[in-house]
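Novice: Dropping a prediction and its sequence here:
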Amino acid sequence: SGSAHTVLRIVQVLTLVPAWAMLAAVIDHYNRNDALTPGSIHFLFVVTLLCSVWAFCILITYLRARNTALWITFFDIVAMGLLIGGVVVTADIANGDCVAVDTNVAVVEDDGPFTYRQHCSEIKAAWGLAITNIVLFFLTAILAAMIYRQNQGPVVRE
């Protein structure tokens, strides 16, 4: 389970970095056009950024210290919960039609997290990668818990 944990961490980093990079491009687009970025996009951006930093740091520290597996399990579950929150607040993008929107016209929707066609697909892709990472964080939490149990010494009962 140790090598599976490492592989899943690498996959997490490789899927979280593009997610927050796409969201950063969308936020930059809003800023360049002096438009207010929806809070849901900011929330998902911050969560994916924090989760990618967490996954990278654990990937590095896990390779040299396996005695923290219980804490890793706890914070993986926290990261999973934050990602679920980010996916929920941006859930209306799932129903968005990124193709039907005119590229030159801003769409003013109070309930939608996107305003421009070119960035609708980026937000949708980041949303999908966040969903993928919910599953990955769940799996790494389970693997870390298994590693914790493996690293415990034998239980002596009297």
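Specialist: Cool, got the structure.

Novice: contacts and neighbour counts: CA atoms only from here.
Specialist: OK.

Novice: Against which helices or strands is the host helix or strand of Ile41 packed?
Specialist: In this structure, Ile41 sits in helix 39-62 according to DSSP states H and E. Packing contacts for helix 39-62, counted by 3 or more C-alpha pairs under 8 Å, 6 or more residues apart in numbering; DSSP states H and E, involve helix 2-32, helix 69-89.

Novice: Report the mean per-residue pLDDT for it.
Specialist: For helix 39-62, mean pLDDT rounds to 91.

Novice: what's next to it, contact-wise?
Specialist: Applying C-alpha atoms under 8 Å, 6 or more residues apart in numbering, the contact partners of helix 39-62 are 6, 9-10, 12-13, 16-17, 19-20, 23-24, 27, 68, 72, 79, 82-83, 86-87, 89-90, 113, 123, 130.

Novice: of those, buried ones?
Specialist: 6, 9, 12-13, 16-17, 19-20, 23-24, 27, 72, 79, 82-83, 86-87, 89-90, 113, 123, 130 (16 or more other C-alpha atoms under 10 Å).

Novice: in the top helix by length along the chain, what counts as buried?
Specialist: Longest helix of the chain, by residue count under DSSP state H: helix 117-151. Neighbour counts over helix 117-151 (16+ other C-alpha under 10 Å) mark 117-131, 133-134, 136-148 as buried.

Novice: Roughly how far does the closest residue to Lys124 other than its chain neighbours sit from Ile60?
Specialist: Leaving aside its chain neighbours, Lys124 sits nearest to Ile93 (6.2 Å; criterion: C-alpha to C-alpha, 6 or more residues apart in numbering). Separation of Ile93 from Ile60 (C-alpha to C-alpha, to the nearest Å) stands at 34 Å.

Novice: So between these two, which is more surrounded?
Specialist: Neighbour tally, Ile93 and Ile60, criterion other C-alpha atoms under 10 Å: the higher count belongs to Ile93, 20 against 12.

Novice: Please give the number of neighbouring residues around Gly96.
Specialist: Gly96: 16 neighbours (other C-alpha under 10 Å).
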